[in-house]
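1. What would the 3D arrangement of this be:
(one chain, ligands or ions: 2)
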Amino acid sequence: MKLVSPSLLSADFGNLQRDIEMLNQSECDWLHVDVMDGIFVPNISFGQPIVKHIKRHAKKPLDVHLMIMDPGRYINDFKEAGADILTVHYEACTHLDRTIHAIHDAGMKAGVVLNPHTAVCLLEDIVQECDLVLLMSVNPGFGGQKFIENTYNKVRQLHTLCDRKNQQCLIEVDGGVNLQNAPLLFEAGADVLVAGNAVFKSSDPKQTIHELKQ
Ligand code: DX5
Ligand code: ZN
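-> Residues are numbered from 1 along each chain as shown. Ligands and ions are numbered 1, 2, ... in the order given. From the prediction side, this is the model:
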């Protein structure tokens, strides 16, 4: 699968409705929504009220990436705000299995996110519960950072793990994705690419989304 999920973190927050409508008309598949608490990551972005406004205008599924400590506390809030897919960090959950089940019980697709230093083999006993795994290809917290090359190895390792477990879980990559590394990531086995700066800082975002999907 070759899906693209543009990250609204790089959108113009003063013109969010305009940017969401541009994405509605584009070939993108999901809208990536980055929630940051200033504790798990050094940056603060926005919370449920903004997600609710995004939902009012979006015509595609909301792929909500929670960069917050103990995300299990907020699952129903994000469901109510309009999340379709909810991803939580392996590093931020003490009871990850419980959190994944709670996301499913709330009626959303569930994913686990790994920071660049977190090994894929740690998913051995949880991957069978996941609809997707998101591999961070930068240290989370900010858009516009440089892609970490080791991500290709992690995509391949995750692919092997999913095959061995016979698990149809989507592999998503987030951080520093651009037109140069996108084909290599898809080739390595990624299914979904998140792109913030590559889309919103380009002169023709819709064309860039089209090219990312090639
Ligand atoms: C980073 C966020 C990313 C970010 C990606 O912590 O999770 O989704 O917005 O932005 P780019 O594509 O610019 O690296
Ligand atoms: Zn993200």
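2. Up against ligand 2, what does the protein have?
-> When proximity is defined by C-beta under 5 Å from the ion, the chain lies next to ligand 2 at 34, 65, 174. Just so you know, the C-beta spots here come from the backbone N, C-alpha and C atoms, and that holds for glycine as well.
3. Does residue 172 touch residue 194 like I think?
-> Yes: with contact defined as C-beta atoms under 8 Å, residue 172 counts as touching residue 194 (6.6 Å).
4. Spell out which residues are contacts of both of those two.
-> Counting by C-beta atoms under 8 Å, 6 or more residues apart in numbering, the common neighbours of residue 172 and residue 194 are 5, 63, 134.
5. so which strand or helix has the second one?
-> Using DSSP states H and E, residue 63 maps to strand 62-67.
6. same check, this time on the first one
-> When elements are assigned from DSSP H and E, residue 5 belongs to strand 3-6.
7. got the CA coordinates for the very next helix or strand once past that strand in CSV?
-> The first helix or strand that comes after strand 3-6 along the chain, using DSSP H and E, is helix 16-25. Taking C-alpha atoms only, helix 16-25 is exported to CSV below (Å, rounded to 0.1, in the frame of the first residue of the first chain):
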residue,chain,number,x,y,z
LEU,A,16,-6.2,25.9,9.0
GLN,A,17,-9.5,25.6,7.2
ARG,A,18,-8.0,26.6,3.9
ASP,A,19,-5.1,24.1,4.3
ILE,A,20,-7.5,21.3,5.2
GLU,A,21,-9.6,22.0,2.2
MET,A,22,-6.5,21.9,0.0
LEU,A,23,-5.8,18.4,1.5
ASN,A,24,-9.4,17.4,0.9
GLN,A,25,-8.9,18.1,-2.8
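8. and the helix or strand following helix 16-25, what does it pack onto?
-> The first helix or strand that comes after helix 16-25 along the chain, using DSSP H and E, is strand 31-36. Strand 31-36 makes packing contacts with strand 3-6, helix 48-57, strand 62-67 when contacts are defined by 3 or more C-beta pairs under 8 Å, 6 or more residues apart in numbering; DSSP states H and E.
9. out of the ones you listed, which comes closest to residue 199?
-> Distances from residue 199 to each of those were compared using C-beta to C-beta; the shortest belongs to strand 3-6, at 4.5 Å.
10. Distance check, the one residue in the chain that gets nearest to ligand 2 against ligand 1.
-> Each residue of the chain has a distance to ligand 2, by C-beta to the ion, and the smallest belongs to residue 65, at 3.8 Å. For residue 65, the distance to ligand 1 under the criterion C-beta to the nearest ligand atom, to the nearest Å works out to 5 Å.
11. cool, residue 18 as well?
-> Here residue 18 is placed at a distance of 19 Å from ligand 1 (C-beta to the nearest ligand atom).
12. nearest residue to that residue other than its sequence neighbours?
-> Nearest non-adjacent residue to residue 18, counting by C-beta to C-beta, 6 or more residues apart in numbering: residue 12, 7.4 Å away.
13. Contact partners for that neighbour?
-> Neighbour list for residue 12: 18, 19, 200 [criterion: C-beta under 8 Å, 6+ apart].
14. re earlier: would a markdown table of the helices and strands packed on strand 31-36 with mean neighbour count, mean pLDDT and distance to residue 163 be doable?
-> Converted to a markdown table, the helices and strands packed on strand 31-36 look like this (neighbours: other C-beta atoms under 10 Å; pLDDT from 0 to 100; distance: least, C-beta to C-beta, whole Å):
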| stretch | mean neighbour count | mean pLDDT | distance to residue 163 |
| --- | --- | --- | --- |
| strand 3-6 | 26 | 98 | 19 |
| helix 48-57 | 16 | 98 | 34 |
| strand 62-67 | 27 | 99 | 24 |
